[in-house]
Every structure is written in C-alpha cells, then in structure tokens.
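**Q** How does the following fold in three dimensions:
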Amino acid sequence: MRIEKWGVFAIKEGRIIKINRDAKASVYGNYIIIKDRQGIISRYAHLKSIAVNVGQTVQAGGFLGIMGDTGRGIPGPNKHLHVSVYPATTKDPYMGKDAIIDPKTYILDGGIYPCNSKPSTDFHQMIGNPPYPHEGLDFSGLDKNIITGWESGTFEIKNIFEEFKKGR
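**A** Model (predicted):
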C-alpha cells in the first residue's frame, strides 16, 4: 500500500551510495543514488525531501522520499522525478553522460515502478536549447498525470509505458 501521493520508491533492492541534500549544488537538485546487487546504479533526482541515509539498504519498493522541483528542470523548475540508470562499469555515476541504460528497461526487468505518476520525458528524447538527448526518464508532478489505483501500487507498468509511447 502506497500512502504518499508524491512518494518516490526504489526500483530494485540496493544500498544507498550517495545523497545530495544541497539542492543548489547540482542540476539534479536533491538526489539519491542506489547501487543494486548487480552493481547497476540508479539516480532519483529533483526530490523535495529524502527519507533515507547513505549506507542504508532499501528493498525494492522501499520509500525514498518525496518528488519535488529542486535543481534545474527543462524548461524551468517543475515538480517531477528524474531517474537515470548507469551500468556497473560507469566511472562517474554523478554525471549524466554515463547513463546509458533506459530506465524503462531497468524497471521492466523485475523492478518496481518508482512513483505514482506517468512518465513525461523519455530516455534520449531531445530536450533543451541547444537540444541534447535526455539521459533519464522523467515522471510528471502534475495531478492530471497521477496513475489511477496508485494507492494499491498494483497498476500494470507495461501498459503505462505503452500508453506513454503512443502519446509521444
């Protein structure tokens, strides 16, 4: 049961390896980085608040914090969750350029959906000015994008991604 409408949840079980609570120190704002059992690294960014600590192990679906609008969003600050996924071999998981794993693939490979809202910006979608490929997947912080049945957490992930793909 999910009790927080704008909650952020771990996609897979892992250990918290880095937390940034200084929203002005990063374009990602407040963020959490988790390393899973296979060494895959995931970043949860633009958080309003963080409910975990470095070194802590979280279960898949474990509560991490609240979606927010910290850091720099495109076209400007807006409430959303940004998820980037990095291979175990990445040298610097704190920079977006190494995020070469599509978060949708990571989620569909035995993961838990990380929030209660629909995606808004896709992996490698061109954004910004000048345009560049988005290195993660964003989930909207607008009420109209809340997933029906979010409280139970039992919605069909694959259908959400298929609907998102059709709408692009």
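**Q** Look up phi and psi at residue 85.
**A** Per-residue torsions, residue 85: phi -130, psi 130 (degrees, to the nearest 10).
**Q** For it, which non-adjacent residue is closest in space?
**A** Of all residues not flanking residue 85 in the chain, residue 101 sits nearest, at 4.0 Å (Cβ to Cβ, 6 or more residues apart in numbering). (Each C-beta comes from the backbone N, C-alpha and C, glycine too.)
**Q** Would you list the phi and psi of that neighbour?
**A** Dihedral angles of residue 101 (phi, psi; degrees, to the nearest 10) stand at phi -100, psi 130.
**Q** which regions of this structure sit below the pLDDT cut-off?
**A** For the chain, the stretches flagged by pLDDT under 70 are 74-77, 93-96, 168.
**Q** Show me the helices in it, by range?
**A** 103-108, 157-167 (DSSP state H).
**Q** out of those helices, deepest packed?
**A** Ranked by mean neighbour count under mean count of other Cβ atoms under 10 Å, the helices of the chain are led by helix 103-108, which reaches a mean of 19.
**Q** Report all helices and strands that it contacts.
**A** Applying 3 or more Cβ pairs under 8 Å, 6 or more residues apart in numbering; DSSP states H and E, we find helix 103-108 packed against strand 80-86, helix 157-167.
**Q** Residue 108: which of these is closest?
**A** Counting by Cβ to Cβ, residue 108 lies closest to helix 157-167 out of the helices and strands packed on helix 103-108; the figure is 6.6 Å.
**Q** Now that we have the helices and strands packed on helix 103-108, can you turn them into a markdown table and tack on distance to residue 117?
**A** Converted to a markdown table, the helices and strands packed on helix 103-108 look like this (distance: least, Cβ to Cβ, whole Å):
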| stretch | distance to residue 117 |
| --- | --- |
| strand 80-86 | 8 |
| helix 157-167 | 10 |
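**Q** For residue 141, find the nearest of those.
**A** Each of the helices and strands packed on helix 103-108 has some distance to residue 141 by Cβ to Cβ; the shortest is strand 80-86, at 4.6 Å.
**Q** ok, residues contacting that closest one?
**A** Strand 80-86 is contacted from outside by 8, 11, 28, 40-47, 67, 69, 73, 93, 96, 98-103, 106, 114-115, 117, 120-121, 135-141, using Cβ atoms under 8 Å, 6 or more residues apart in numbering.
**Q** OK, contacts around residue 44?
**A** Counting by Cβ under 8 Å, 6+ apart, residue 44 has contacts 8, 31-34, 64-65, 81-83, 114.
**Q** Now it: closest residue in space, sequence neighbours ignored.
**A** Nearest residue to residue 44, sequence neighbours excluded (Cβ to Cβ, 6+ apart): residue 32, at 4.7 Å.
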